[in-house]
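1. sequence first, predicted model second:
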Amino acid sequence: MEQHTHKKLYTTHAWIGIISGILLFIVTFSGIPALFDHEIEYWQYPAYSEQQNTAEEQTPFNLELALQASKDLNFNHENYFIQPADKINNHVILAHFSEGKEPDLRYLNADSYQEFPASPSELNHLLGYLHTDLHLPRPWGRYIVGLSGMAMLLAIIAGIFIHVKWRKEFVMLRPKRSWRLLLTDQHKLLGLWSLPFTFILAFTGTILGLLGLISPILALAAFNGDVEKATIAVLGPKAEVTGEYSAVYPLNELLDRLEIDLPDTSVEFIQVSGLKIINRQEKIEEQRENELVTDVGGIIKFSGYHKDKLSNLETVTYNLSTGERIHQGSFIGKGPFQRIFAAVTPLHYVLFGNTWLKVFYALSALAACGLILTGNMLWLHRRGHGMKHWLSKSTLGICGGLVVATSFTFAASQVLYAFKFPLESGLHHLSEEWLFWGSWLVMIAAPFIIKDGFKLSHYFLRLTSFALIITLIADGVFNQRWLWFSQGWVFNIQMGILISALLFIYLDWKMPNQVQQKSNTNIKNSNPDPDQSASYMPQESNQ
Amino acid sequence: MSLINRFINRFINNNASKNTAAILGTLITTIALTVCITLLWPFGNVIEQIFAGGTFFFVFWASLFYWTVLADTGKQAWGRILIILLPVLAIDIFSLLQLSFNLPAK
């Protein structure tokens, strides 16, 4: 590669990183808890683990019992979702979403179909929503996340081309040399080792974030720009409400038919549209024997993941009154581009493989966080900027602050059980939110008060590990879930928290207390020692 | 002629113009290219056409971005954008008109 091409790629890589780095860190770091959304949700509320069945095998899902329970609970919506129990949670969720309102969510035990109170803690939603939408109004937050994914993708592409000596860089770490060389080596090591995963995460994240933005473009050719029509063609029809009602087709028979229509697929969501629950008065007026009736245009859609395929999203839609199959969506055996798109969500959220693969993804995301931080620090160090530079302060405050705020919120989710806030008050969740945003804000302000960046970084690392250990202690004290007595997913999450705490203690121990800052004069002058030179030199080993 | 040259040198042939080409020009060209691919993709059904467009959108965006960034001058960067954009726009307009008036293909 010619030197001027190399230089242009290098400059582009650096500027993309600098412009989008902090945002990318927020999205990437919050992606780690988002990856374990279900697992964290299960851990954060002890009542979920209390729903576990002591029998070895899970009770088969009974759709009719779930609907009967929804009727008893006055869950009177014509459009809603049912999420059956899965490998982690032994409860059924009934969910109705309407724009501009809080969702109506009900939780049922998967064996008895009795309702139990919803989780007072919403830790998983708080962190998950930060990853997907940055807590900004929809869809703008998602577009920004998508654009940051695109920036990451572009930075990765340039990064691949500028690292000409990648075989050597795969194993090169010189901790005893200069601070800048250490940062350079760490940046390259983290980048190279996590490359396949960060590339996949960036590519799939970009598609997920920007799909809403490009959908009208894609729908232009085949559907005259009608996105809804295109969505129906891909995902199946919606209910056509006619106002005419009939008896509901036996729903458990439909469940049995899934064995044939969706073989080797675990059903994750059931969408019910057009189902109506007739109360007693209406029942007398309409002279119906069955209390569950459906609009003749009502539908029930089963969605799930194929157990053996990567492009694993499978759907089947039936008419609620006749039981007729009206749409089947499967990407298996379809064209390459349909399979690529169907693989996007499974690849991004690891909806295939096992838990160890998720752990591997989480480690790669952590490596990407390190990559972003070392990239920013390198850029600043090469220009001789210390902690006085606003970018240094912002990087430390926003990125380090997010880590601290996340650990504080983990601790708060358990400590707040001591106050036993009434569920309807929402104070538990509200306190979590306040603590998260408040502590993050304080951490963002901290670099503007404490001038020593290294000292502050040590404080951040210690605070994070301390909060994570407090989380485990609070879980033991208030929920009687001590690490050595717990089992299953609670134990796995607690171990994850403990390992994270130890990792932050290790980082605190290994991080230097200060680094000799070079003067700007030295940087501007050419230096014969390549380790000390800050100018652009692609031919040298330290680049 | 010298006026055009002066305009090009002042407004087009600089780094800001090159960056605009890399960000804005690339995005517009990518959209046009995606519409083109979605309209003309010869394999599979209409859903395959849509997803082909969707996949190529990101591939085109990244490729065009670096093609313009690697240009030496703003003029060259815009030249690279226009050399793709103009024919693709012509194809898009012709194909969409054909669709609107239900003209037979070929």
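-> Happy to help now that I have it. Numbering: from 1, shown residues only, chains lettered A, B, ... in the order given.
2. for residue A:100, phi and psi?
-> phi 80, psi 0 (degrees, to the nearest 10).
3. look up how far chain B lies from it.
-> Using C-beta to the nearest C-beta, to the nearest Å, residue A:100 is found at 29 Å from chain B. C-beta coordinates here come from the backbone N, C-alpha and C atoms, glycine included.
4. around chain A, pick out the residues from chain B.
-> B:31, B:34-35, B:38-39, B:43-55, B:57-58, B:61-62, B:65-66, B:69-70, B:95-96, B:99 (C-beta under 8 Å from any C-beta of the partner chain).
5. just the buried subset of those, written out for ChimeraX, thanks.
-> Command for ChimeraX, covering only those of the residues of chain B next to chain A found buried under the criterion 16 or more other C-beta atoms under 10 Å in any protein chain shown:
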select /B:31,34,35,38,39,44,47,48,49,50,51,52,53,54,55,57,58,61,62,65,66,69,70,95
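6. so which of the residues of chain B next to chain A sit within helices?
-> Those of the residues of chain B next to chain A mapping onto helices are B:31, B:34-35, B:38-39, B:46-55, B:57-58, B:61-62, B:65-66, B:69, B:95-96, B:99, per DSSP state H.
7. state the distance from the nearest residue to residue A:161 once chain neighbours are set aside to residue A:186.
-> The spatial neighbour of residue A:161 that comes closest, neighbours along the chain excluded (C-beta to C-beta, 6 or more residues apart in numbering or on different chains), is residue A:9 at 5.3 Å. Distance from residue A:9 to residue A:186, counting by C-beta to C-beta, to the nearest Å: 21 Å.
8. low pLDDT regions in the chain?
-> Answering for chain A, as no chain was given. Across chain A, residues meeting the criterion (pLDDT under 70) sit at A:53-57, A:225, A:277-291, A:516-543.
9. I was after chain B.
-> B:1, B:10, B:102-106.
10. residue A:342 contacts residue A:331, doesn't it?
-> Yes: assessed by C-beta atoms under 8 Å, residue A:342 is found in contact with residue A:331 at 3.6 Å.
11. anything in contact with each of these two?
-> Residues touching both residue A:342 and residue A:331 by C-beta atoms under 8 Å, 6 or more residues apart in numbering or on different chains: A:311, A:312, A:313.
12. what about the closest residue to the first one other than its chain neighbours, how many residues nearby?
-> The reference is to residue A:311. With sequence-adjacent residues excluded and distances taken as C-beta to C-beta, 6+ apart, residue A:311 is closest to residue A:342, at 3.7 Å. Neighbour count for residue A:342, taken as other C-beta atoms under 10 Å in any protein chain shown: 24.
13. related to what we said a few turns ago, which one of the shared contacts of residue A:342 and residue A:331 sits closest to residue A:472?
-> Comparing those against residue A:472 with C-beta to C-beta picks out residue A:312 as the nearest, at 35.1 Å.
14. surely that closest one touches residue A:346?
-> Yes: under the criterion of C-beta under 8 Å, residue A:312 is in contact with residue A:346, at a separation of 5.5 Å.
15. and for these two, which residues touch both?
-> Taking C-beta under 8 Å, 6+ apart as the criterion, residue A:312 and residue A:346 both touch A:305, A:352.
16. neighbour count for the two, which is higher?
-> In this comparison of residue A:312 against residue A:346, neighbours counted by other C-beta under 10 Å, the higher total goes to residue A:312 at 22 against 19.
17. what sits against the more buried one?
-> Taking C-beta under 8 Å, 6+ apart as the definition of contact, the neighbours of residue A:312 are A:265, A:305, A:306, A:331, A:342, A:343, A:346, A:351, A:352.
18. cool, and residue B:35?
-> Shown here is residue B:35, whose contacts under the criterion C-beta under 8 Å, 6+ apart are A:217, A:220, A:221, B:53, B:92, B:96.
19. which pair of these spans the longest distance?
-> Using C-beta to C-beta, those reach their maximum pairwise distance at B:53 and B:96, which is 13.8 Å.
20. anything in contact with each of those two?
-> Residues touching both residue B:53 and residue B:96 comprise A:221, B:35, with contact defined as C-beta under 8 Å, 6+ apart.
21. return the residues of chain A in contact with chain B.
-> Contact residues, chain A versus chain B (C-beta under 8 Å from any C-beta): A:5, A:8-9, A:12, A:150, A:153-154, A:157-158, A:203, A:206-207, A:211, A:214, A:217-222, A:224, A:230, A:233-234, A:334-335, A:337-338, A:340-341.
22. list only those of those residues flagged as buried.
-> A:8-9, A:12, A:150, A:153-154, A:157-158, A:203, A:206-207, A:211, A:214, A:217-222, A:230, A:233-234, A:334-335, A:337-338, A:340-341.
23. can you tell me how far the residue most central in space within chain B sits from residue B:42?
-> With the centre of chain B defined as its mean C-alpha position, the nearest residue by C-alpha atoms, centre = their mean is residue B:29, 2.2 Å away. From residue B:29 across to residue B:42, the span is 22 Å (C-beta to C-beta).
24. so residue A:120 lies in a helix, does it not?
-> No: checked against DSSP: H, G, I helix; E, B strand; the rest coil, residue A:120 lies outside a helix; its state is coil.
25. got the contact list for residue A:41?
-> Residues A:48, A:89, A:119, A:123, A:124 are the ones in contact with residue A:41 under the rule C-beta under 8 Å, 6+ apart.
26. switch the cut-off to 7 Å
-> The neighbourhood of residue A:41, defined by C-beta atoms under 7 Å, 6 or more residues apart in numbering or on different chains, consists of residue A:124.
27. so which bits of stretch A:172-180 are buried?
-> Of the residues in stretch A:172-180, A:172, A:178, A:179, A:180 count as buried by neighbour count, 16+ other C-beta under 10 Å.
28. the nearest residue to residue A:371 once chain neighbours are set aside and chain B, how far apart?
-> Once flanking residues are discounted, residue A:371 sits nearest to residue A:190: 4.6 Å by C-beta to C-beta, 6+ apart. If you measure residue A:190 against chain B using C-beta to the nearest C-beta, the figure is 22 Å.
29. next one: residue A:432
-> Noted for residue A:432: a distance of 36 Å to chain B, by C-beta to the nearest C-beta.
30. residue A:73 too?
-> Computed as C-beta to the nearest C-beta, the residue A:73 to chain B distance reads 39 Å.
31. quick check on that residue: phi, psi?
-> Reported as degrees, to the nearest 10, the phi and psi values for residue A:73 are phi -90, psi 10.
32. residues contacting residue 39?
-> I went with chain A, as the question did not name one. Contacts were defined as C-beta under 7 Å, 6+ apart; by that measure residue A:39 touches A:88, A:489, A:492, A:493.
33. nope, chain B please
-> Residue B:39 makes contacts with A:221, B:92, B:95, as judged by C-beta under 7 Å, 6+ apart.
34. ok, and the closest non-adjacent residue to the last one?
-> If the residues on either side of it in the chain are set aside, residue B:95 comes closest to residue B:39, at 4.4 Å by C-beta to C-beta, 6+ apart.
35. which one is the residue nearest to the centre of chain B nearest to, not counting chain neighbours?
-> Computed as C-beta to C-beta, 6+ apart, the closest residue to residue B:29 that is not its neighbour in sequence is residue B:85, at 4.6 Å.
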